[in-house]
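Q: I would like the atomic coordinates for the input below:
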Amino acid sequence: MRLSCEVSVASRLLPSAGLRGPGRALRAVLALGKAAGGGERGRGARLLLSTARHRPGSHYQLRENVEHLFTKFVEEGKATVRLKEPAVDLHISKANVSQLKTFLSAVKLAHRGSDEESLPLSTLVPPKASEVEKPKTKMTITSRKDYPLTRNFPYSLEHLQASYCKLARVDMRMLCLKSLRKLDLSHNRIKTLPATIGDLVYLQELNLQDNQLESFGVALCHSTLRKSLQSLDLSQNKIRALPAQFCQLRELIHLKLDDNHLVRLPFKIGQLSQLRFLSVARNKLPFLPSEFVKLSLESLDLFGNPFEQPTPLLPQMQLEIPLTLLEYAARATVNYRIPYGPHLLPSHLCVDLDLAKTCPCGRSCLNCFIQTTLTMNLHSVAHTVVLVDNMGGTEAPLLCFFCSLTCYSCFLDRHLRSNSNGRGP
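A: Below you'll find the predicted structure:
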């Protein structure tokens, strides 16, 4: 029976001799078994503590030799085994919780002398070097010839980079790395993303720069990435649009979408309240969504988009008077925050409600509205703004919706009044 963990050994005699306490914890393997050889020396269970510095390890007798087991923090992978002879404490940490519980139960049985009847003890042998080495947490691969084809990735990886490897798809072995926090698959040939990327519950950074992606799956937007993902790089791909559900990734801080084929940004982009760095240069955006005004950014780059000229006085009318019953009901559902979902409404109605437009007055509209574009100074949402064009501009057209003729008339009054005062639109 073996337990991989970190261990520090503290002698209880040191303080009385005026010596320092235990050193720092080292990566180790604790093994429970019988000593090599027969006779009296080989009887009874022993504990073998092996580290990378001393693989043959230190042997400790267990039978009637365990003074106490400290298990208050066992759910955190921590415990202490106090031995009588020698007078030492073995402080265990960073152990697998279930394995630690099993190991401590076996130690208790060994102390009681019931090892021969209850424990299948094997002869103790020193562990392999790979078992006591510190787990590998970072791996960088930057060429196809270095890519591991016949061996697995270390399960302890937290940072994996596999760039310039000509990968046509995400390697499913990567999706078994449950400790992964940063995954860099830039400069490959990946066309689609598996939904199982969302099973990487600790993933904070995902770099997919310079691939052949054409979409970002809705399933990823519903996955655990909603709570973990903070940085996403989708630049230099072939994405034309991101799904509306993309804005459920509300922990995003850095978002790069440069050099794609984007014709629009997610409609509810204002829900990305943590977003601080946004780059969407060299795409095909004609305007910005209305909720763009809700962002609070440190840096914004929209250079190289073919923005249209704002036309505040030439609206598109999609207003029915009187409003339909469906429109009234939909507006009331959103305005009064009435709960809804597929268990209550048809799925297509849920999608429509998720995409409800917001009027400057604060009320919502669904399919009946007045649409126009206004001029927006990008400094109102970002501290640092990269020029939108070569002419030095920092303004862009903003798509705006009005829920009624009254709201649009109020806007016109303000617009004409500001023009007459010489302040421009």
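
Q: helix, strand, or coil at Ser50?
A: Assigned with DSSP: H, G, I helix; E, B strand; the rest coil, Ser50 falls in the strand class.

Q: how about it: what's its closest non-neighbour residue?
A: Of all residues not flanking Ser50 in the chain, Gly57 sits nearest, at 3.6 Å (Cβ to Cβ, 6 or more residues apart in numbering). Quick note: C-beta positions are derived from backbone N, CA and C, even for glycine.

Q: with Ala332 instead?
A: Ala332's closest residue in space is Ile338 (Cβ to Cβ, 6+ apart), at 7.1 Å.

Q: what about the strands in the stretch 151-300 of the chain?
A: With strands called from DSSP state E, counting those that start in this stretch, the stretch 151-300 of the chain shows them at 159-162, 182-184, 205-207, 231-233, 254-256, 277-279, 297-301.

Q: for Ala241, find the nearest of those.
A: Ranking the strands of the stretch 151-300 of the chain by proximity to Ala241 (Cβ to Cβ) places strand 254-256 first, at 14.8 Å.

Q: and that closest one, what does it pack against?
A: strand 231-233, strand 277-279 (3 or more Cβ pairs under 8 Å, 6 or more residues apart in numbering; DSSP states H and E).

Q: how about JSON lines for these, with mean pLDDT and distance to His261 added?
A: Output for the helices and strands packed on strand 254-256, formatted as JSON lines (pLDDT from 0 to 100; distance: least, Cβ to Cβ, whole Å):
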{"stretch": "strand 231-233", "mean pLDDT": "98", "distance to His261": "17"}
{"stretch": "strand 277-279", "mean pLDDT": "98", "distance to His261": "16"}
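
Q: distance to Lys138 and mean neighbour count for the ones you listed - can I get that in TSV?
A: TSV is the format used below for the helices and strands packed on strand 254-256 (distance: least, Cβ to Cβ, whole Å; neighbours: other Cβ atoms under 10 Å):
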stretch	distance to Lys138	mean neighbour count
strand 231-233	17	20
strand 277-279	24	20
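
Q: for these, which one sits closest to Gln271?
A: strand 277-279 (13.5 Å).

Q: give me the neighbour count for Leu252.
A: 21 (other Cβ atoms under 10 Å).

Q: quick check, pLDDT for it.
A: Confidence at Leu252, expressed as pLDDT, is 97.

Q: quick thing: my sequence starts at 36, can you match it?
A: Sure thing, new numbering starts at 36, so read that last one as Leu287.

Q: thought it was touching Leu307?
A: Yes: using Cβ atoms under 8 Å, Leu287 makes contact with Leu307 at a distance of 5.5 Å.

Q: before we move on, back to that, for the residue nearest to Ala367, give its distance to Arg285.
A: 22 Å (Cβ to Cβ, to the nearest Å).

Q: go on, Leu267?
A: 12 Å.

Q: same thing with Arg317?
A: 26 Å.

Q: between the two, tell me which one has more neighbours.
A: Neighbour count, other Cβ under 10 Å: between Arg317 and Arg285, Arg317 has more, with 18 against 13.

Q: touching, that one and Leu337? I think so.
A: No: the criterion here is Cβ under 8 Å, and Arg317 misses it with Leu337 at 9.5 Å.

Q: element containing the residue nearest to Ala367, please.
A: Taking DSSP states H and E as the definition, one finds Ile373 inside no helix or strand.

Q: JSON lines for the helices and strands packed on strand 289-291, including distance to Glu193?
A: Converted to JSON lines, the helices and strands packed on strand 289-291 look like this (distance: least, Cβ to Cβ, whole Å):
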{"stretch": "strand 266-268", "distance to Glu193": "15"}
{"stretch": "strand 312-314", "distance to Glu193": "23"}
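
Q: where does the residue nearest to Ala80 when sequence neighbours are not counted fall, phi/psi-wise?
A: Nearest non-adjacent residue to Ala80, counting by Cβ to Cβ, 6+ apart: Ala145, 3.6 Å away. Torsion angles at Ala145 (phi, psi; degrees, to the nearest 10) stand at phi -60, psi -40.

Q: what sits against Ala145?
A: Shown in contact with Ala145 (Cβ atoms under 8 Å, 6 or more residues apart in numbering): Leu67, Gly79, Ala80, Leu82, Leu97, Arg98, Val101, Leu154.

Q: measure the second one to Gly148 for me?
A: What it means is Gly79. Distance, Gly79 to Gly148, using Cβ to Cβ: 7 Å.

Q: list the residues that contact both of the two?
A: What both Gly79 and Gly148 touch, as defined by Cβ under 8 Å, 6+ apart, is the set Arg98.

Q: from what I see, the residue nearest to Ser85 and Ala70 are in contact.
A: No: using Cβ under 8 Å, Gly92 is not in contact with Ala70; the gap is 11.5 Å.

Q: wait, is Gln406 part of a strand?
A: Yes: under three-state DSSP, Gln406 sits within a strand.

Q: now do the same contact list for the residue lying closest to Thr106 once chain neighbours are set aside.
A: Leaving aside its chain neighbours, Thr106 sits nearest to Ala114 (5.2 Å; criterion: Cβ to Cβ, 6+ apart). Contact analysis of Ala114 by Cβ under 8 Å, 6+ apart lists Leu104, Phe105, Thr106, Phe108, Ile127, Ala130, Leu135, Leu139.

Q: quick one: least confident helix or strand in the chain?
A: Within the chain, no helix or strand scores below helix 150-153, which has a mean of 55 by mean pLDDT, DSSP states H and E.

Q: for Ser43, pull up the helix or strand it's in.
A: Using DSSP H and E, Ser43 falls in strand 37-46.
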